[in-house]
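> what's the 3D shape of this:
(one chain, ligands or ions: 1)
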Amino acid sequence: MNDVVVRALRDDEFRAAHALFRGALHHVPPTDEQWERLRPVYQPGRVFGAFDEQLIGTARSTDAELVVPGGARIPLAAVTGVGVRVDRTRRGVLTALMRRQLTDLVERGVPAAMLYATEGEIYGRFGYGIATRARSCTVHRRQARLRPEAPTGGPVELLDLDEAERRLPDVYARIPLRPGMMTRSERWWAGLFARLRQSDEPVTTLVHHGADGPDGFAIYQVSRQSGQLGTLRVVDLHTADATAFAGLWRFLLGVDLVETIVAYQRSLEEPLELLFTDPRACETTEVGDEAWLRLVDVEAALRSRTWHGEPLVLEVVDPVLEHNADRYQVGPAGVTRTDQPADARLAVDTLAMMFTGGWRPSTLVDAGRITVRDFEVTPRLDELARTRSTPWCGTFF
Ligand SMILES: CC(=O)SCCNC(=O)CCNC(=O)[C@H](O)C(C)(C)COP(=O)(O)OP(=O)(O)OC[C@H]1O[C@@H](n2cnc3c(N)ncnc32)[C@H](O)[C@@H]1OP(=O)(O)O
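Numbering: from 1, shown residues only. Got it, this is the predicted structure:
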């Protein structure tokens, strides 16, 4: 591993990094036209490459903001594009890339990084913990009749892809973001539309209008063989309120030649089945990890969210970013580093899981991931980290 060098890539090296990442995912490299659309997704200064004689690994990130419990927004690095060439895996290349990327984020003063993991074993060792979980569901369209009290919703407008690319960022910006959600940069939108434009299936985009203007949108694709009923896949759906949510689902249920509607990685709190006379018309097919969070600056992150009840001293273990390894007194009045004895000890990945409200501390204690001074601390930890809602990210990158 000594002869692997990690450095920030030049703009003219981004395409090779993208091709390497695609190759690691067993996908073909982009065509010239596809690359033209994807180029803006790469944020200069934030794309790393690992080299021996050639480029053998890559990882990158882009700027966003994360909403934390209490509603504050903190700078976030949205990490993606991670891949190591197939003939160079399991010799520490990713480890070198992750260390370089995290050190860079420390230098930039970015307190948190988030990613979607291809496999569950990869990122915990670098301090990422499961911050949000989500569910996938299948709606059996013929079985799915809306209850009479389900909101009717407002008018739904159909946009073509160019209009959608112009207008959806503003609609998303009007959606109240809940903890776990993130802002979507121009780069993020460019990446989404690049993917949609290279798809073989048609893309349909809907905007829902409420009393005060656009308050929700959905993007879907239908795959269907001639002579058969198809599957409608919800690519993206965000709404400001329950009326827009029901209104858009009412529209989706009315799309002809569709047997099932599938939606991946949706919020655990979405009341979809409750809209139907037969709640089993909506079948949960999977519940699993969604976004993984890395607290790059533990002190700044702890300060950014709200806490409840009595203060407690948390001892945070962080072998990768040692400036984080310390004891913190955490409470509603604030967060300070302290020499007081610890009430609870936990690794930084576990802290990320508790931080967003995705996991109750008592669950993490039961799993052996938080060690408490005595059992009376556990309910106090639950109270300390209490949140009003189950976090959901809802923005895949
Ligand atoms: C945010 C995103 O972009 S997600 C996309 C991630 N990319 C992919 O899934 C593409 C296919 N996979 C790959 O490119 C590579 O296998 C990577 C990036 C996952 C791992 O790269 P590597 O260079 O092999 O990782 P590295 O050698 O640094 O491994 C460090 C440790 O993690 C372990 N590890 C790495 N990848 C995996 C894995 N997929 N499953 C289990 N363990 C793994 C290694 O065994 C090693 O453990 P050790 O320290 O106990 O020996």
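> okay, CA-based contacts and neighbour counts for the rest of this
Will do.
> ok, the helix or strand harbouring residue 261: who's next to it in the sheet?
Per DSSP states H and E: residue 261 is located in strand 258-266. As defined by DSSP bridges, the strand partners of strand 258-266 come to strand 133-140 (antiparallel), strand 230-239 (parallel).
> between the ones you listed, which one is nearest to residue 367?
Of all the strands paired with strand 258-266, it is strand 133-140 that lies closest to residue 367, at 17.1 Å by C-alpha to C-alpha.
> export the closest one to CSV, keeping only CA atoms.
Coordinates of the C-alpha atoms in strand 133-140 are reproduced here as CSV (Å, rounded to 0.1, in the frame of the first residue of the first chain):
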residue,chain,number,x,y,z
ARG,A,133,-33.9,4.0,7.5
ALA,A,134,-36.5,3.8,4.8
ARG,A,135,-38.9,1.3,3.4
SER,A,136,-39.7,0.1,-0.1
CYS,A,137,-43.3,-0.7,-0.9
THR,A,138,-45.4,-2.1,-3.7
VAL,A,139,-49.0,-0.9,-4.2
HIS,A,140,-51.3,-3.4,-5.9
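> which SSE is immediately downstream of it?
Remark: after strand 133-140, the chain's next helix or strand is strand 156-159, criterion DSSP H and E.
> contacts for the helix or strand following that following strand, please.
Going down the chain from strand 156-159, the next helix or strand is helix 161-173, by DSSP H and E. Outside helix 161-173, the residues that touch it by C-alpha atoms under 8 Å, 6 or more residues apart in numbering are 183-184, 189, 193, 203-205, 214-217, 238.
> tell me which of those fall in helices.
Mapping these onto helices (DSSP state H) picks out 189, 193.
> pull up the residues of this structure that are close to the ligand.
24-25, 79-84, 89-95, 115-119, 121-122 (C-alpha under 6 Å from any ligand atom).
> mind giving me the ChimeraX select for the residues you listed, buried ones only?
To isolate the buried ones among the residues of the chain next to the ligand in ChimeraX, judged by 16 or more other C-alpha atoms under 10 Å, type:
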select :24,25,79,80,81,82,83,84,93,94,115,116,117
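> filter the residues of the chain next to the ligand down to the ones in helices?
24, 93-95.
> can you tell me the element residue 256 falls in?
Residue 256 belongs to no helix or strand, assigned by DSSP H and E.
> so how far is residue 230 from it?
As defined by C-alpha to C-alpha, to the nearest Å, residue 256 lies at a distance of 9 Å from residue 230.
> which of those two has more neighbours?
The residue with more neighbours, out of residue 256 and residue 230, is residue 230; 17 against 11, by other C-alpha atoms under 10 Å.
> what secondary structure does the residue nearest to residue 357 when sequence neighbours are not counted sit in?
The shortest distance from residue 357 to any non-neighbouring residue, by C-alpha to C-alpha, 6 or more residues apart in numbering, is to residue 387 (5.7 Å). For residue 387, the assignment made with DSSP: H, G, I helix; E, B strand; the rest coil gives coil.
> please look at residue 387 and residue 68 and confirm they touch.
No: with contacts counted by C-alpha atoms under 8 Å, residue 387 stays clear of residue 68, the gap being 9.9 Å.
> what about those two, which has more around it?
Taking neighbours as other C-alpha under 10 Å, residue 387 and residue 68 compare with residue 68 leading, 25 against 21.
> how about the contacts made by that one?
74, 178-180, 304-305, 356.
> how does it look with 7 Å?
By C-alpha atoms under 7 Å, 6 or more residues apart in numbering, the residues touching residue 68 are 179-180, 305, 356.
> where's it relative to the ligand, distance?
21 Å (C-alpha to the nearest ligand atom, to the nearest Å).
> please shift the residue numbers so they start at 49 in all later answers.
Yep, numbering from 49; the last one is residue 116 now.
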